[in-house]
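Novice: Structure for the following, please:
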Amino acid sequence: MVKLTNHASLSGEIVRWRLAENGLKPWRKDMWCIPRVDGEYVACMEDVLDLYAEAPDPKRPVVCFDESPVQLIGEVREPLPPEPGQLERFDYEYRRNGTVNLFVVLDVNRPWRKVKLTERRTAKDYAKCMLELVDVHYPDAECIRVVQDNLSIHSAGALYEAFPPAEAKRILRRLEFHHTPKHASWLNMVEIEIGVLRGQCLDRRIDDPKHLASEVAAWERQRNAAGARIKWMFTKGAQQIGPRLPRHVERIIITVQRY
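Specialist: I've put the predicted structure just below:
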């Protein structure tokens, strides 16, 4: 900054004033997921984008799958209800009551999602979700294409841990796994839906798993009844991949239709 002026030195106050005047905060840092964009990354990205671009086929549905932890938080003191001219007030102190897990499934081509609450996020819990996809949610589908990230439990082996080999093989015959690139879970549509869930339903203190399950189920019913969908706008044309691999994806345009 001194080099840009005619002064031999600048006081700390002048530096502070100049930084504030231009909205600069050089001391701040941001933790970011920085992917390595190589051939494997591009191959997985194009595979997922091709699925999103396909015409809907009820016999071969495309669903996005992911999970999200939720911390159960209770009140230490009873909140004060709102009054005329006064917002509801709650104490800054809270009580931690453990965590639970939410498995979320989102259909790419129709306004449907399913949220399942579990105590843990294990391979067996994941395998049960895949069983429900096959036998409960899509019993008439010939093949269910599942978009998911690279979490260790997101594999065929999880079903063999949970079920006898014959049953695991039966389920897997109806499933087709498609993984997002490493460090690129933003390519999974359900990540957006989880963000909507957090903003519309989980933006408050809930301390009991049963209460949480009830609230999530009500949110799920409302979203499905309203026909809410994700409008995905990042396509193979938008990424502009040429002979040389891009250093990073410069811009992602995603619009969420929440209501």
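Novice: quick one: contacts of the helix or strand harbouring residue 214?
Specialist: In the assignment (DSSP states H and E), residue 214 maps to helix 209-225. With Cβ atoms under 8 Å, 6 or more residues apart in numbering as the test, helix 209-225 has contacts from 70, 72, 100, 102, 111-115, 117, 119, 196-197, 200-201, 206. For glycine as for every other residue, the C-beta is placed from the backbone atoms N, C-alpha and C.
Novice: Residue 158 belongs to a helix, doesn't it?
Specialist: Yes. Counting by DSSP: H, G, I helix; E, B strand; the rest coil, residue 158 falls inside a helix.
Novice: How many residues are close by the nearest residue in space to it that is not next to it in sequence?
Specialist: Counting by Cβ to Cβ, 6 or more residues apart in numbering, residue 158 lies nearest to residue 123, which is 3.8 Å off, once chain neighbours are set aside. Residue 123 has 17 neighbouring residues, counting by other Cβ atoms under 10 Å.
Novice: ditto for residue 57
Specialist: 13.
Novice: Against residue 228, how distant is it?
Specialist: Using Cβ to Cβ, to the nearest Å, residue 57 is found at 22 Å from residue 228.
Novice: for residue 42, same thing?
Specialist: Relative to residue 228, residue 42 is positioned 31 Å away (Cβ to Cβ).
Novice: more neighbours, the two?
Specialist: Neighbours were counted for residue 42 and for residue 228 using other Cβ under 10 Å; residue 228 has more, 18 against 15.
Novice: What's the per-residue pLDDT of that one here?
Specialist: With respect to pLDDT, residue 228 scores 96.
Novice: ok, now the one 3 residues further on?
Specialist: Predicted confidence (pLDDT) at residue 231: the value is 90.
Novice: Next: residue 94.
Specialist: Note on residue 94: pLDDT of 83.
Novice: phi, psi of the closest residue in space to it that isn't next to it in sequence?
Specialist: Once flanking residues are discounted, residue 94 sits nearest to residue 73: 5.1 Å by Cβ to Cβ, 6+ apart. For residue 73, the backbone dihedrals (degrees, to the nearest 10) come out as phi -130, psi 130.
Novice: Settle this for me: the residue nearest to residue 158 is touching residue 160, isn't it.
Specialist: No. Using Cβ atoms under 8 Å as the test, residue 123 is too far from residue 160 to be in contact (9.2 Å).
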